[in-house]
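# following is a predicted model, sequence given first.
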Amino acid sequence: MNLLSSIWNYKCPRCRKEDFFVSPFNLQKPLKMHEKCSHCEQVFEQKSAYYYGAMMISYIWIVCACLAIAGFCMLVLDWSVEGSFLLILIVSALSYFFILRISRSMYVHMDIKYEKELGLKPE
Ligand SMILES: [Zn+2]
């Protein structure tokens with residue numbers, strides 16, 4: 001599994017075999033993770049401040065998306081500021097959990113190094 005596929009599918013960053021988040025998705029605990037990977041024993045539950053970096057990634061995602069939507073609506077479609085803002089609110093609400101989870105997945109993949117031999121080990 002390559003890096004982008006591992007991030008997109010929320011896999012363990014170290015072995016890219018097991019899921020990072022607990023499934024099925026729980027609306028009340030959208031960021032609930034396994035304590036550690038069952039395949040490579042990588043610990044996922046870190047100190048509380050560890051995932052602050054993921055917040056910065058989600059902030060960058062949201063700012064870029066808002067600017068792109070506003071620019072497209074106002075410059076290309078010639079929408080009003082209010083209409084563009086309403087669309088941004090709708091898109092933000094619909095993508096909220098996705099942005100949270102993909103940002104955390106990106107962050108752990110940046111921080112934890114992939115070990116290819118662990119990913120090749122039979123389950
Ligand atoms: Zn693992």
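Thanks, I have it. Residues are numbered from 1 along each chain as shown.
# and residue 62, what's its pLDDT?
pLDDT recorded at residue 62 is 93.
# quick check: buried residues in the helix or strand where it lies?
Per DSSP states H and E, residue 62 falls inside helix 52-71. Buried residues in helix 52-71, counting neighbours by 16 or more other Cβ atoms under 10 Å, are found at 54, 57-58, 61-62, 66, 69-70. In short, each C-beta sits where N, CA and C put it, glycine included.
# can you check stretch 77-96 too?
79, 84-85, 87-88.
# distance from that stretch to the middle of the chain?
21 Å (Cα atoms, centre = their mean, to the nearest Å).
# check stretch 59-70 too.
Taking Cα atoms, centre = their mean, one finds the center of stretch 59-70 at 15 Å from the center of the full chain.
# next one: phi and psi at residue 77?
The phi/psi pair for residue 77 (degrees, to the nearest 10) reads phi -90, psi -10.
# now residue 90: how far from residue 103?
The gap separating residue 90 from residue 103 is 20 Å, by Cβ to Cβ, to the nearest Å.
# cool, residue 17 as well?
In terms of Cβ to Cβ, residue 17 sits 22 Å off from residue 103.
# try residue 2
Residue 2 is 19 Å from residue 103, where distance means Cβ to Cβ.
# show me which of these two is the more surrounded one.
residue 103 (23 against 9; other Cβ atoms under 10 Å).
# helices or strands up against the host helix or strand of the more buried one?
Residue 103 belongs to helix 81-111 when assigned by DSSP H and E. Counting contacts by 3 or more Cβ pairs under 8 Å, 6 or more residues apart in numbering; DSSP states H and E, helix 81-111 packs against helix 3-8, helix 52-71.
# and those: which comes nearest residue 116?
Across the helices and strands packed on helix 81-111, residue 116 has its closest neighbour in helix 3-8 (11.6 Å, Cβ to Cβ).
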